[in-house]
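Enquirer: when you get a sec, could you give me coordinates for this:
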Amino acid sequence: MQRQSLTGAWQFCQSGTDVWLPAIVPGGVHTDLLALGRIPDPFVGDNERRVAWIAESEWEYRRSFNVQHDVLRREHIWLVCDGLDTLATLTLNGQPLGNTANMFRIAPAWRCGAEIMKWNGAGWIGIGTVQSFRI
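Expert: Here you go, the predicted structure:
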């Protein structure tokens with residue numbers, strides 16, 4: 001089995017904006033905004049109230065990558081995601097791959113077929129979150 005990690009440097013933005021900021025995956029919106037100095041520490045004083053808007057917003061993460069040649073030679077390519085938000089949509093090169101509906105799965109990870117990468121081995125992966133209180 002060949003593995004290629006997509007952890008590390010990503011970009012994120014609040015849905016509906018075009019302001020992409022640096023992000024670290026694994027991680028989350030709160031930790032990324034905190035690292036950039038865009039929000040106060042939510043665990044200090046009453047800052048949790050001041051950052052409540054984050055949980056009420058939808059967010060997008062993206063990353064460009066090149067698939068390793070060893071991975072491209074595989075018959076099946078799987079995109080495996082550990083710890084995705086409860087409700088999220090995954091895209092690859094602008095094409096939908098699937099949706100998540102439960103962060104706490106019995107299986108260790110969420111995975112989907114990603115043979116769409118085989119056309120040239122390069123692309124963008126996107127993950128968009130949907131806030132559950134809006135459902």
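
Enquirer: low-scoring stretches of the chain, by residue?
Expert: Within the chain, the stretches with pLDDT under 70 are 85, 102-122, 130-135.

Enquirer: show me where it has helices.
Expert: Secondary structure of the chain by DSSP state H: the helices cover 29-35, 47-50, 52-55, 69-72.

Enquirer: which strands or helices does the longest one pack on?
Expert: Using 3 or more Cβ pairs under 8 Å, 6 or more residues apart in numbering; DSSP states H and E as the contact definition, the elements that helix 29-35 packs against are strand 21-25, helix 52-55. (Glycine included, C-beta is placed from N, CA and C.)

Enquirer: just give the number of residues close to F43.
Expert: F43 has 9 neighbours, counted by other Cβ atoms under 10 Å.

Enquirer: just L79 next, same as before
Expert: Neighbour number of L79 under other Cβ under 10 Å is 18.

Enquirer: doesn't N93 make contact with it?
Expert: No: in this structure L79 lies outside contact range of N93 using Cβ atoms under 8 Å: 11.9 Å.
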